[in-house]
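[1] this is a predicted model, with the sequence first.
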Amino acid sequence: MKPEEIRDKLTASLGAAEYTPGPGDAAITVPVDRWHEAATVLRRDPDLDFDFLRSLSGVDRPAVGKIEVVCHLLSYRHRHTIVLKTGIDRSAPAVPTLSDVWPAANWHERELYDLFGVNVTSHPDLRRLLLPEDWVGHPLRKDYKEPDSYRGIPMQRPQTAAEAVTPPAAPEKP
Amino acid sequence: MDPYIERSPDGAVAIGTLDSLLNLARKNSEWYLLFATACCGIELMQTGGPRTDADRFGFVFRPTPRQADTIILAGTITYKMASRVRLLYEQMAEPRYVISMGSCANTGGPFYDSYPVVKGGDLILPVDVYVAGCPPRPEALIEALMLVQDKMAREPWLRKARGRWPDPKDPWPQPSAVLGSCAAAAKGPTPKG
Amino acid sequence: MQLLAERIATWLGMEGLPRQAVVAGVVLVVALVVATVVLTIAGILTWAERRVAGRTQSRVGPNRVGPLGFLQWVADGIKLITKEDVIPAAADRTLFRLAPYPVIVGIFAAFASVPFGQKLIAADLNVGVLYLMAITSLVVVGVLMAGWASNNKWALLGGVRSAAQIVSYEVPSVLAALSVVLLAGTLSLQGIIGKQGGWPWEWYLFYNPFTFVAFFLFFTSAVAEGNRTPFDLPEAESELVAGYNVEYSGMRFAGFFLGEFANVYLLSAIATALFFGGWQIPGVTPDMQAASPVWQAVGVGLFALKAGTGAFVVLWLRWTMPRLRVDQLMGLCYRYLLPLSFAMLLGNAAYVWLVPQWAAWVVQGATTTVGLAVAGVFVRRVFYHIRHVGDDVSLDLARGESGTFDPQLQVRVYGAFRRRHAGDSAS
């Protein structure tokens, strides 16, 4: 199925959907309140049948004050692809979970939460995925400032001998 | 037999006979931990293979840190992994040695500007030997293990075990001061669930 | 039953002393000697294992300490003594410290009734086979203690697996050994060896088809009982880190380690005594052997040779066979080995009861012929493979020479592969 036909199909069941034909994958942008519904249509409609979530990622756009959430989808049966996008408010980013549509979205959304600080509502298990639990900040935000140290481990190598400290001795064993 | 230490005028050191016997045994039975954090682990596995047979020198892997003498930091260490690495090191039985293998474990390597990567294994563990390379060849790792052997051979194990080493009046050449400190990382974050 | 201790006491002319005191003293000395011998055997086997592993994997194996690396086990032992003895904070300290001892005691005590030679046996018990089977079961207690006391999930899983495995495989191994006991009419190992002879056709291995199968049943179950690959699930490092000894370091770990390797020799020694004629020398009757110290020495050497070959086969198996899964392991025991060993026991009973002597001679000859032919074919096959695949440790590649590696062949093979799959990516 051509991307335009997918767009038409989606518009028919959803209403408005912005369409970007690209040199790469064509993209459909939906408002965030239709996000879950759009995903469900793309997954469940037998003519669309996107059964493979290839990637779920985020793009930080501070210039427009938005974080884009991007889904790359593939249908193994129909051999067509589409990109599903939505833009969410950067100051209080929240997006509904897709993990009930594609189970693979679970960890992708955890990563999204981890690196962009997007609050994925009704996610079954929203924890940090790649970074430690007590990490401060979300590193893929453009305004992320790296702290000086994490739990006493300096983030930069000590440059002079004065900065160098002997590593801790192992605690006494009982 | 009481071990003795003698210093020749040029600073070279001779150790007592019993200590040298013990050290001869210790250095010929250096068991390393089968543990790798990233891609250097492939070379670590290869080191035990037929081309560079680590077993020739008595280097065999042990899967558990309790029975290992040497931990090889093979590859990129992330901050999430740091506490686990430290825990593994603390689970090892004394005397224990650390080899930092590859650029990432030495300094953070190509990921120096990356937010989740520890900028060198020596910030969390006292490293004895550094191996350069990305990744180092198995031969280089063998060389590093043999440098640890040299270090073992120079240590007064018996004096150490009896609490008489290091002696402040007769300072032993200490391992070079290693950079960094992370007392808190030893405890590490507790993963939920 | 005559204890070696009493014999030595008589020999030294110490009958005057209180009997118990002499016996206790001599028993202590004998126990020390046996323990030393067993430790040495176990140590040498660890070295042998690493050499065999090296050869199997086209490596060299340890070769730096002593000639051919022979003193490697001494170095390992001394190193393990110098290591710290870690006891985890969460562990049950008393049990944790105690756990290696049942393993060591179970294995080492079993060596008390291993007939190293016609007169070289610490205690020729009239219930020898029963004693061996019973005392080696003590290992389970130690392993389970280690698994439980470590307070570690891998250790606990390993310990429970090991207990299940040893208890299960105990049954077929005892039943297979019972076939021999049935034929010999005695439980004493010296008695069983005495009923056999030096020549292969006089061994119980080739006595009849039932004993021939019973030997393989016994050997398989004994290997499984010793937690050796392909049945080393309790120590499977890909699943359980190091199994029940995961928290052990230093000498306590060495206890488990030596116990395992002593067990390898023990099972080969029992198999030798039960099925391979023990210390019997071809063409020399036991009476002749008893009279001459030279024949005695030859007998001891022959026993060591047979048991050593068995131990080598166990090591060889370890580095050749992949590991079984847990359900496959239990299935093998309860579905195949157990019914088969029962069948062999009943078969032997029926054989003793029904078959007349002249027919027994024929069967013995036929079994020997078939058995030796099978062994011959197997050995030929092994050497055929070694010749054609090669087991040389070749350093040609390291020197920059290509050796047997043919880059042209690789290119041709890879080219054919690419041509065959060229159409796939286009669609």
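    Structure's in. What do you need?
[2] and residue 158, how many neighbours?
    Looking at chain A here, since you left the chain open. Neighbourhood size, residue A:158 [other C-beta atoms under 10 Å in any protein chain shown]: 16. Any C-beta I mention is one placed from the backbone N, CA and C, and that applies to glycine too.
[3] chain B was what I was after
    Residues lying near residue B:158 (other C-beta under 10 Å) number 20.
[4] in what helix or strand does it lie?
    Using DSSP states H and E, residue B:158 sits in helix B:157-161.
[5] avg pLDDT for that helix?
    On average, the pLDDT along helix B:157-161 is 71.
[6] stretch A:93-101 now?
    Averaged across stretch A:93-101, pLDDT comes to 89.
[7] return the set of buried residues in it.
    If you call a residue buried by 16 or more other C-beta atoms under 10 Å in any protein chain shown, then stretch A:93-101 has these buried ones: A:93, A:95, A:96, A:97, A:98, A:99, A:100, A:101.
[8] say whether chain C is contacted by the longest helix that chain B contains.
    Ranked by residue count under DSSP state H, the longest helix found in chain B is helix B:138-153. No - if you take C-beta under 8 Å from any C-beta of the partner chain as the test, helix B:138-153 misses chain C, and the best it gets is 9.3 Å.
[9] what sits up against that helix?
    For helix B:138-153, contacts defined as C-beta atoms under 8 Å, 6 or more residues apart in numbering or on different chains pick out B:20, B:23-24, B:26-28, B:30, B:32, B:43-44, B:46-47, B:49, B:51-52, B:54, B:57, B:59, B:70, B:72, B:95, B:97, B:99, B:101, B:128-133, B:136, B:175.
[10] how far off centre is it?
    Helix B:138-153 sits 10 Å away from the centroid of its parent chain (C-alpha atoms, centre = their mean, to the nearest Å).
[11] just stretch B:35-44 next, same as before
    15 Å.
[12] mind listing what residue C:119 touches?
    For residue C:119, the contact set (C-beta under 8 Å, 6+ apart) comprises C:290, C:296.
[13] doesn't it lie inside a strand?
    No - with DSSP: H, G, I helix; E, B strand; the rest coil as the criterion, residue C:119 is located in coil rather than a strand.
[14] what pLDDT does the model give it?
    Reading off the model, residue C:119 has pLDDT 79.
[15] and for residue C:362?
    87.
[16] for residue C:124, give its distance to residue C:29.
    In this view, residue C:124 and residue C:29 are 18 Å apart by C-beta to C-beta, to the nearest Å.
[17] which of these two has more residues huddled nearby?
    Legend: neighbour count by other C-beta under 10 Å for residue C:124 and residue C:29, higher for residue C:124 (18 against 12).
[18] before we move on, back to that, closest one to chain B out of the buried residues of stretch A:93-101, please.
    The closest of the buried residues of stretch A:93-101 to chain B turns out to be residue A:99 (C-beta to the nearest C-beta; 15.9 Å).
[19] for that closest one, give me its contacts.
    Contacts of residue A:99 (C-beta under 8 Å, 6+ apart): A:105, A:106, A:109, A:123, A:124.
[20] look up phi and psi at residue 21.
    All of this refers to chain A. Residue A:21 adopts backbone torsions of phi -80, psi 130, taken as degrees, to the nearest 10.
[21] how close does it sit to residue A:8?
    Separation of residue A:21 from residue A:8 (C-beta to C-beta) stands at 13 Å.
[22] then residue C:354?
    Counting by C-beta to C-beta, the gap from residue C:354 to residue A:8 is 88 Å.
[23] what's the spacing between residue B:46 and residue C:320?
    On the measure of C-beta to C-beta, residue B:46 and residue C:320 end up 22 Å apart.
[24] those two: who's more crowded?
    Neighbours per residue, other C-beta under 10 Å: of residue B:46 and residue C:320, the larger number sits with residue B:46, 16 against 11.
[25] so where's the stretch 1-150 of chain C uncertain?
    C:1-10, C:12-19 (pLDDT under 70).
[26] recalculate using a threshold of 50.
    C:1 (pLDDT under 50).
[27] which bits of it sit near chain B?
    Close to chain B, as judged by C-beta under 8 Å from any C-beta, the stretch 1-150 of chain C has residues C:50, C:53-54, C:57-65, C:69, C:72, C:74-80, C:82-86.
[28] low-confidence stretches in chain A?
    A:173-174.
[29] show me where it has strands.
    For chain A, the strands defined by DSSP state E occupy A:18-20, A:27-29, A:52-61, A:66-75, A:80-89, A:94-96, A:119-121, A:149-150, A:153-154.
[30] okay if I get the ones you listed as a markdown table plus distance to chain B?
    Converted to a markdown table, the strands of chain A look like this (distance: least, C-beta to the nearest C-beta, whole Å):
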| stretch | distance to chain B |
| --- | --- |
| strand A:18-20 | 31 |
| strand A:27-29 | 28 |
| strand A:52-61 | 14 |
| strand A:66-75 | 18 |
| strand A:80-89 | 23 |
| strand A:94-96 | 22 |
| strand A:119-121 | 17 |
| strand A:149-150 | 5 |
| strand A:153-154 | 4 |
